[in-house]
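Colleague: predicted coordinates and the sequence they were generated for:
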Amino acid sequence: PTEIYTLSLHDALPFCFRLTEALVTFAALFLATGLGGLINTAHLEPSAASEPEAVTRSLPLAVFVQFALFLFLYGGLETCLTGWLTTFTQRFSDMTLLGGQSPLVLLWAALTAGRLIASAALRWMSESTVQRLGLGCSAALIATLAVAHHGPSMSLICILLGLALAPFFPTTFALLIKHGPPARVAGFILAVSGLGAALFPWLMGLISTRSGSLRIAMAVPLLLAIAMLALTFTPANKPRGEA
């Protein structure tokens, strides 16, 4: 007699691909990396070990916080859109499963192409002006996307949204470089964007679950765009000598 055996997906996966073991493995790798960095720092010469403190003081605290917030909020904004856009378009438009991927692909394509357009725009307008125009248009487009219903309109909005978000990185780093930040401080500011990318998509999912509506959760990226737009008007956003 032929016996039929059922094998669960969890049993079929190799050890390294199971979620629990994978998380433990990555945690061990991060711990080993952190210990390695700590040991390396402990063996530095006193002058080299005290360098980060002196480096941090070379950039005004207000400027440091300003640009760290910029990258923190933008990391969350972009990841909220790319992480939830496919689900949003499938749930609230007339698109199929395959078609629901189109707005996301168009958003990424527009982000990439928009960097070239932003570079050209910076030849005629200041960094602050391009930055504010992009964030203002982004906020308006996110609000429009939250109430859109049809696939073609969502796709068009995503193209425009990608073009509006594209200038953020070029303009923000152009403004940051004008302050003359040390390399380590600039690297830390860039790394902060990963924290926002981890926090805000989770918050968006939590609000969607609690409210029962992903449209309501779209308020998260909308508020992030508005908050970044407000930050562009602070004195710390101007280069030294202009603030």
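Modeller: Structure's in. What do you need?

Colleague: can we go C-alpha only for contacts and neighbour counts from here?
Modeller: Will do.

Colleague: surely Leu231 and Gln66 touch.
Modeller: Yes - using Cα atoms under 8 Å, Leu231 makes contact with Gln66 at a distance of 7.3 Å.

Colleague: which neighbours do those two share?
Modeller: When contacts are counted by Cα atoms under 8 Å, 6 or more residues apart in numbering, Leu231 and Gln66 are jointly contacted by Asn237.

Colleague: these two: who's more crowded?
Modeller: Taking other Cα atoms under 10 Å, Leu231 and Gln66 do not tie; Gln66 has more neighbours (21 against 17).

Colleague: so the more buried one touches Phe233, yeah?
Modeller: No - applying Cα under 8 Å as the test, Gln66 and Phe233 come out as separate, 10.7 Å apart.

Colleague: mind giving me the packing neighbours of the helix or strand that contains Ile216?
Modeller: Using DSSP states H and E, the element containing Ile216 is helix 214-217. Judged by 3 or more Cα pairs under 8 Å, 6 or more residues apart in numbering; DSSP states H and E, the packing partners of helix 214-217 are helix 193-211.

Colleague: pull out the buried residues from the next helix or strand after the helix holding Ile216.
Modeller: Later in the chain than helix 214-217, the nearest helix or strand by DSSP H and E is helix 219-231. Using 16 or more other Cα atoms under 10 Å as the test for burial, helix 219-231 gives 219-225, 227-229, 231.

Colleague: what's the answer for stretch 145-159, then?
Modeller: 145-146, 148, 151, 154-155, 157-159.

Colleague: in a markdown table, list these along with pLDDT and distance to Thr172.
Modeller: Formatted as a markdown table, the buried residues of stretch 145-159 follow (pLDDT from 0 to 100; distance: Cα to Cα, whole Å):
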| residue | pLDDT | distance to Thr172 |
| --- | --- | --- |
| Leu145 | 93 | 25 |
| Ala146 | 91 | 26 |
| Ala148 | 87 | 30 |
| Gly151 | 80 | 32 |
| Met154 | 89 | 28 |
| Ser155 | 89 | 27 |
| Ile157 | 94 | 24 |
| Cys158 | 93 | 22 |
| Ile159 | 94 | 21 |
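
Colleague: how about Leu133, what does it touch?
Modeller: Ala164.

Colleague: that one is in what secondary structure piece?
Modeller: helix 127-146.

Colleague: list the buried residues in that helix.
Modeller: Those buried within helix 127-146 under the rule 16+ other Cα under 10 Å are 127-128, 130-132, 134-139, 141-143, 145-146.

Colleague: following the chain onward from that helix, which element is next?
Modeller: Next element after helix 127-146 (DSSP H and E): helix 151-165.

Colleague: show me what that following helix packs onto, helices and strands only.
Modeller: With 3+ Cα pairs under 8 Å, 6+ apart as the test, helix 151-165 has helix 102-121, helix 127-146 packed against it.

Colleague: now for the first one, which elements pack on it?
Modeller: By that I understand helix 102-121. Using 3+ Cα pairs under 8 Å, 6+ apart, helix 102-121 sits against helix 61-92, helix 151-165, helix 168-178.
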